[in-house]
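Asks: 3D model of this:
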Amino acid sequence: MKSVKSAGDRFLAVVAYLIVILAVMSTTVMWNYLKGAFIPIGTYRYLLLGIGVFLFLITNSYNFKDLSFIVLTVCYLLIFIFFSQANPFKYFSNLCMPLTAALLIVFVYCRQKQGQLLLDSYANIVLIAAAVSLFFYVFGSILGLKLGVVNTVYYWANNPHFTTSYCYLYFHQPLQDQMYLGHHVIRNTGIFTEAPGYTLFLLNGLIIELFVKKSKTFWRIGLILVTLLTTLSATAILLGALAVLLAFLQHLHAQGKLNLKIVIPGIVLLLLLGIVVIHIRKSGGSSYSVRVDDLRIGLTVWSRHPVFGAGFGNESVLIKLFAFHRANNGLSMGLTTLLATGGLYLALYFLMPFFVTLFAPTRRYLLPISALLLLEIIISNISTNQVYLLAMAFLWFAVLNDLREPEAFIEYDYASLRL
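Replies: Numbers count the residues shown, from 1 in each chain. As a prediction, the model looks like this:
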């Protein structure tokens with residue numbers, strides 16, 4: 001029996017890395033947009049759903065509470081079609097399918113007491129990607145060494161753009177570079193088409209290192225933070241700094257040296273104010289203007305369709321309200337975009353865990369993670385991002401189950417906190 005168990009553990013370990021790779025590949029990685037790319041992004045989502053169903057069947061992870069939650073969530077999502085102007089195929093392939101896959105995968109791994117294994121796999125891939133991108137960023141983009149350089153074309157928003165590939169493991173996008181104080185500054189976007197996609201990838205790895213792993217490793221945390229700095233994303237850097245601060249305060253509280261009943265909500269408010277200040281200082285730049293315009297548009301459309309939105313994927317309603325011409329029709333503010341197109345009905349899936357961790361004393365130990373994930377979707381349009389949906393699935397599992405037993409992947413106990 002021992003050999004069977006070890007074989008099963010090895011199988012889950014291999015599949016964990018496969019899941020993470022497929023999840024990352026289903027996002028805005030450059031390989032999907034290079035000239036000649038032939039694998040549709042939707043393929044990765046179908047594969048993940050297949051893996052989720054396969055794991056659910058072969059592991060016999062039939063827990064009534066888990067199964068009930070997954071079935072009810074899927075039914076809840078399907079009901080939306082009857083009350084919304086959503087395109088059924090687009091809605092199913094972009095949200096229903098990846099969200100269901102995320103729930104199946106995460107719940108199976110957690111019920112097999114291998115949730116930490118899946119999270120560790122993601123964190124390890126983040127570390128590898130960060131190290132590789134930092135190497136090529138310093139020696140290639142900054143110092144100008146020609147390390148396997150290939151100039152190629154990628155298509156973004158149906159427009160061709162030039163990029164410089166370093167062994168196809170790192171890409172320098174001139175389109176992403178910025179001007180600071182009159183100086184041309186190169187941004188590290190890793191293997192992603194834009195800095196926001198890379199920063200989300202890094203931030204989730206940082207959250208795992210800081211809040212999930214029981215033993216903290218300085219060089220792993222430091223490597224992610226340094227890489228995050230090279231993306232030159234002010235909002236993401238601020239989120240990274242907040243994550244470090246929350247982890248430090250959490251550590252102090254675990255030692256009985258700090259009461260966080262006011263500190264945590266206060267820090268979240270300070271962060272929101274900090275984001276506003278940063279963008280006010282950048283008010284002359286397009287990033288600020290686009291975000292403010294997206295916020296205005298999202299709230300305007302949501303006020304007209306508060307419950308079910310204007311139709312999932314119906315972003316043309318928002319595009320018509322653009323205050324000025326943009327280089328592309330991409331939307332940057334995730335939560336307001338979701339409210340505008342899916343209404344409060346769809347937004348509840350992403351909002352509920354935060355409010356549960358905020359008001360339920362037995363789940364308040366999850367508040368730092370839920371707050372950071374909420375802030376991620378506020379500043380990034382990621383409601384259909386497979387990596388983010390996996391993170392939300394972990395959070396939902398933790399909300400539904402008390403994970404403070406010895407084998408859990410959450411270390412600190414915050415049950416004593418009171419608002």
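Asks: contacting residues around the closest residue in space to residue 166 that isn't next to it in sequence?
Replies: Distance criterion C-beta to C-beta, 6 or more residues apart in numbering; nearest residue to residue 166, sequence neighbours excluded, is residue 136 at 4.3 Å. Glycine gets a C-beta too; all of them are placed from N, C-alpha and C. Residues in contact with residue 136 (C-beta atoms under 8 Å, 6 or more residues apart in numbering) are 147, 166, 167, 169, 170.
Asks: now rank the residues you listed by neighbours and give me the top one.
Replies: Within these, most neighbours by other C-beta atoms under 10 Å means residue 170, with 24 neighbours.
Asks: ignoring the adjacent residues along the chain, who's closest to it?
Replies: Nearest residue to residue 170, sequence neighbours excluded (C-beta to C-beta, 6+ apart): residue 136, at 3.6 Å.
Asks: tell me the helix or strand right after the worst-scoring helix or strand of the chain on mean pLDDT.
Replies: For the chain, using mean pLDDT, DSSP states H and E, the weakest element among its helices and strands is helix 263-281, scoring a mean of 59. Next along the chain after helix 263-281, taking DSSP states H and E as the criterion, comes helix 286-304.
Asks: that following helix - what's its average pLDDT?
Replies: Mean pLDDT, helix 286-304: 80.
Asks: what about the residue lying closest to residue 177 once chain neighbours are set aside, how many neighbours?
Replies: Excluding the flanking residues, the one nearest residue 177 by C-beta to C-beta, 6+ apart is residue 186, at 5.4 Å. Counted by other C-beta under 10 Å, the residues lying close to residue 186 total 17.
Asks: hang on, isn't residue 186 packed against residue 141?
Replies: Yes - look at residue 186 against residue 141 with C-beta atoms under 8 Å: they come within range, at 4.8 Å.
Asks: what do the two both touch?
Replies: Residues touching both residue 186 and residue 141 by C-beta under 8 Å, 6+ apart: residue 172.
Asks: hang on, the earlier thing: tell me how far the residue nearest to residue 166 lies from residue 360.
Replies: For residue 136, the distance to residue 360 equals 45 Å [C-beta to C-beta, to the nearest Å].
Asks: just residue 177 next, same as before
Replies: 45 Å.
Asks: ok, now residue 142?
Replies: Distance from residue 142 to residue 360, by C-beta to C-beta: 48 Å.
Asks: repeat that for residue 241.
Replies: In this structure, residue 241 and residue 360 are 28 Å apart, going by C-beta to C-beta.
Asks: now do residue 132
Replies: Per C-beta to C-beta, residue 132 is found 41 Å from residue 360.
Asks: what about residue 245, how many residues nearby?
Replies: Neighbours of residue 245 using other C-beta under 10 Å come to 15.
Asks: swap in residue 319?
Replies: By the measure other C-beta under 10 Å, the count of residues near residue 319 is 13.
Asks: repeat for residue 161
Replies: 15.
Asks: run through this protein and note the low-pLDDT ranges.
Replies: 1-5, 61-62, 179-182, 257-288, 324-330, 403-419 (pLDDT under 70).
Asks: which helix in it has the most residues?
Replies: Using DSSP state H, we find that the single longest helix of the chain is helix 334-359.
Asks: the helix or strand that it is followed by vs helix 286-304, what angle?
Replies: Beyond helix 334-359 on the C-terminal side, the first helix or strand identified by DSSP H and E is helix 367-379. Interaxial angle of helix 367-379 relative to helix 286-304 (axes from the mean of the first three to the mean of the last three C-alpha atoms, to 10 degrees): 90 degrees.
Asks: next, the angle helix 334-359 makes with helix 367-379.
Replies: Using the same axes, to 10 degrees: helix 367-379 against helix 334-359 is 170 degrees.
Asks: report all helices and strands that helix 367-379 contacts.
Replies: Judged by 3 or more C-beta pairs under 8 Å, 6 or more residues apart in numbering; DSSP states H and E, helix 367-379 is in contact with helix 195-207, helix 234-254, helix 263-281, helix 334-359, helix 386-400.
Asks: got the contact list for the closest residue to residue 22 other than its chain neighbours?
Replies: Nearest non-adjacent residue to residue 22, counting by C-beta to C-beta, 6+ apart: residue 44, 4.7 Å away. Residues near residue 44 by C-beta under 8 Å, 6+ apart: 22, 23, 25, 26, 386.
Asks: which of those lies closest to residue 224?
Replies: Nearest to residue 224 among the contacts of residue 44 is residue 23, at 17.9 Å by C-beta to C-beta.
Asks: quick one, strands of the stretch 1-150 of the chain?
Replies: Under the criterion DSSP state E, counting those that start in this stretch, the stretch 1-150 of the chain contains strands at 149-156.
Asks: can you give me the helices for it?
Replies: With helices called from DSSP state H, counting those that start in this stretch, the stretch 1-150 of the chain shows them at 2-25, 41-58, 64-83, 88-91, 97-111, 115-136.
Asks: redo the ones you listed as TSV? Include distance to residue 253.
Replies: Below are those laid out as TSV (distance: least, C-beta to C-beta, whole Å):
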stretch	distance to residue 253
helix 2-25	31
helix 41-58	36
helix 64-83	30
helix 88-91	42
helix 97-111	25
helix 115-136	22
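Asks: hey, which of the ones you listed is tucked in deepest?
Replies: For the helices of the stretch 1-150 of the chain, the largest average neighbour count (mean count of other C-beta atoms under 10 Å) is found in helix 97-111, namely a mean of 24.
Asks: how far does that one sit from its chain's centre?
Replies: A distance of 16 Å separates the centroid of the chain from that of helix 97-111, by C-alpha atoms, centre = their mean, to the nearest Å.
Asks: now do it: which elements does it pack against?
Replies: Judged by 3+ C-beta pairs under 8 Å, 6+ apart, the packing partners of helix 97-111 are helix 2-25, helix 41-58, helix 64-83, helix 115-136, helix 386-400.
Asks: using a markdown table, lay out those helices together with distance to residue 155.
Replies: Shown next, in a markdown table, are the helices and strands packed on helix 97-111 (distance: least, C-beta to C-beta, whole Å):
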| stretch | distance to residue 155 |
| --- | --- |
| helix 2-25 | 17 |
| helix 41-58 | 13 |
| helix 64-83 | 31 |
| helix 115-136 | 22 |
| helix 386-400 | 21 |
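Asks: thanks again, I'm all set now.
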